[in-house]
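Enquirer: Generate coordinates for the sequence data below:
(3 chains)
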Amino acid sequence: MAYASERERLAVPATEAARHLLGAVLTHDVDGERVSVRITEVEAYMGDVDPGSHAFRGQTARNATMFGPAGHLYVYLTYGMHYCANVVCGTEGFATGLLLRAGEVVEGAEAAALRRGNPRTHLDLARGPARLAQALGIARPLDGADVFADPLRLTLPDEPVPDELVSTGPRVGVSGPGGTDEYPWRYWLTGDPTVSKYRPAVPRRRPAAAAPAGNPQNA
DNA sequence: GCTTCGATCTTCT
DNA sequence: GAAGATCGAAGCG
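Expert: Numbers count the residues shown, from 1 in each chain, chains lettered A, B, ... in the order given. Purely as a prediction, here's the structure:
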């Protein structure tokens, strides 16, 4: 079936697979409640050569899925409260993947809005990696799931998106090497209204000094 | 409208 | 013990 060849289209470097994934539709079926998202923005992570990747320091229990075969979902919790989802690409063992950064809900918008709580507009339903995951109902138990098998279903476009419709740029939220335009590994559909706004990576400020000089408590 | 900050907890050093 | 592939609300102009 088409499934085998669709998986093969992801078994290439993430920078290439990105053009297959843009415009693709990811569906998640939870108890008959289906939400589908058309992917409009992705970010490539290139395994152990990529300082911005979770896999940079080698395989751990958390990122094991990234080291597996293409076409599986790597789901992780970030900042203690948000889930993000990657589609694993490339060759097994090389830990490359594409972070789903943004998309447009094309099916099940009501269910997605319910999960999201308080979206301002339809476009906000899946704009941003954590929002997209939440709209689709993706959480940790889906880590390692096959995107071509229940309860997920990824449908790639018949043909890769033409280059002229794809923009590239620096990655978002990645600090240090790998976050600059030295690695333009963020891809989006040019002009798509659901693409998340670019925010430069800034290290969070440390909490105010734990022991301020003038504090009497600090002896 | 844009900028800044707090929430919250897992994972790795 | 510290940082992190984020989001949303509050504050300010």
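Enquirer: Contacts for stretch A:115-134 next, please.
Expert: A:37, A:75, A:78, A:82-85, A:99-105, A:109, A:112-113, A:135-137, A:139, A:193-196 (C-beta atoms under 8 Å, 6 or more residues apart in numbering). The way it works is simple: take the backbone N, C-alpha and C, and place the C-beta from them, glycine included.
Enquirer: From these, which land in helices?
Expert: A:109, A:112, A:113, A:135, A:136 (DSSP state H).
Enquirer: Would you mind marking which of the contacts of stretch A:115-134 are also close to DNA strand C?
Expert: A:78, A:82, A:84, A:99, A:196 (C-beta under 7 Å from any atom of the strand).
Enquirer: hmm, which of the residues you listed are the buried ones?
Expert: The neighbour-count criterion (16 or more other C-beta atoms under 10 Å) marks A:84, A:99, A:196 among those as buried.
Enquirer: Double-check that residue A:26 belongs to a helix.
Expert: No. With DSSP: H, G, I helix; E, B strand; the rest coil as the criterion, residue A:26 is strand rather than part of a helix.
Enquirer: Hmm, residue A:39 and it touching each other?
Expert: Yes. With contact defined as C-beta atoms under 8 Å, residue A:26 reaches residue A:39; the gap is 6.4 Å.
Enquirer: The two: which is more packed in?
Expert: residue A:39 (27 against 24; other C-beta atoms under 10 Å).
Enquirer: Fine, thanks again, bye for now.
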